[in-house]
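Enquirer: Coordinates for the following, if possible.
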Amino acid sequence: MDLVLWNRIAIRIYRLSKGKIQDPAVNVNCSEFEVNNWIISEFIFQKLVPIVGVTPYPINELALMVSAVCRLKPTHIFEWGTNIGKSARIFYETAKHFGLSPEIHSIDLPDEIDHHEHPKEKRGMFVKGIPVVRLYQGEGVETALEIYRKVSKMCRPLVYIDGDHSYTAVKRELGEIIKNMPNASILLHDTFYQSAESCYNLGPYKAITDTLSNMPHRYKNISTNTGLPGMTLLYHL
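Expert: Numbering: from 1, shown residues only. Sure thing, here's the model as predicted:
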């Protein structure tokens, strides 16, 4: 039997036996990160890809984003570098499908700021009109921290860093989150490391490694290291 067909049948049997959409999180009392990849994969191919496609997030990165939401179950998601809103839409669709209800706060640059990735009138177009996705304009990490300080102390944040990909900016933003949101899990984009001679921007990768070198046991790390653009999850369960 075709392997893909067999996987689909197995997923269907599993879900029908339970009678409802299952929580993909597995062994939640364990100290390790684990999800049911069959359930995650089915959701991505059937529900998510038709909405957001596979750019700028290829399948392995979609899987990490979805898995992070399902396993960590954040109460609040903070992101900056909104652009047209694909990452916020991924978080929203994941939460909706799996019965989660995080507040999603998405931040982008003010209209008057000139930047080569500024979406202008297309800002947040993938999430316009979705009440649980709140759009802001301002400096990313500063705006996120302003919002965070106003929410409950029981907040369980997931932070997504995808703004300016320079070493200096990512290191500063990562440092601010670690300092001011000590219980946050952190997703970072464009983190693939190819080689020292690569023409690709190594800033985010080096910012992460330099930051973690001073705190080697604080976070666990999952990265998509098979190729560009690359994504890294820093978490503590």
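Enquirer: Compute the distance between residue 206 and residue 171, please.
Expert: From residue 206 across to residue 171, the span is 8 Å (CB to CB, to the nearest Å). Glycine gets a C-beta too; all of them are placed from N, C-alpha and C.
Enquirer: Check residue 94 too.
Expert: On the measure of CB to CB, residue 94 and residue 171 end up 28 Å apart.
Enquirer: Between the two, point out the one with more neighbours.
Expert: residue 94 (25 against 17; other CB atoms under 10 Å).
Enquirer: Could you verify my assumption that the more buried one touches residue 65?
Expert: Yes: Residue 94 lies in contact with residue 65 (CB atoms under 8 Å); the separation is 7.3 Å.
Enquirer: pLDDT below threshold where in this structure?
Expert: Within the chain, the ranges that satisfy pLDDT under 70 run 1-19, 111-120, 195-200, 237.
Enquirer: ok, now how distant is residue 49 from residue 59?
Expert: For residue 49 relative to residue 59 (CB to CB), the value is 8 Å.
Enquirer: Next up, the contacts around residue 44.
Expert: Taking CB atoms under 8 Å, 6 or more residues apart in numbering, we find residue 44 in contact with 59, 62, 63, 66.
Enquirer: want to try TSV for these, with secondary structure as columns?
Expert: Converted to TSV, these look like this (DSSP: H, G, I helix; E, B strand; the rest coil):
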residue	secondary structure
59	helix
62	helix
63	helix
66	helix
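Enquirer: In which helix or strand does the residue nearest to the spatial centre of the chain reside?
Expert: Closest to where the C-alpha atoms of the chain average out (CA atoms, centre = their mean) is residue 65, at 4.3 Å. Using DSSP states H and E, residue 65 sits within helix 59-72.
Enquirer: Which secondary structure elements does that helix sit against?
Expert: Where contact means 3 or more CB pairs under 8 Å, 6 or more residues apart in numbering; DSSP states H and E, helix 59-72 is packed against helix 37-43, helix 49-52, helix 86-97, strand 157-161, strand 185-189, strand 231-235.
Enquirer: please redo it, this time with the cut-off set to 6 Å
Expert: Helix 59-72 sits against helix 37-43, helix 86-97, strand 231-235, with contacts defined as 3 or more CB pairs under 6 Å, 6 or more residues apart in numbering; DSSP states H and E.
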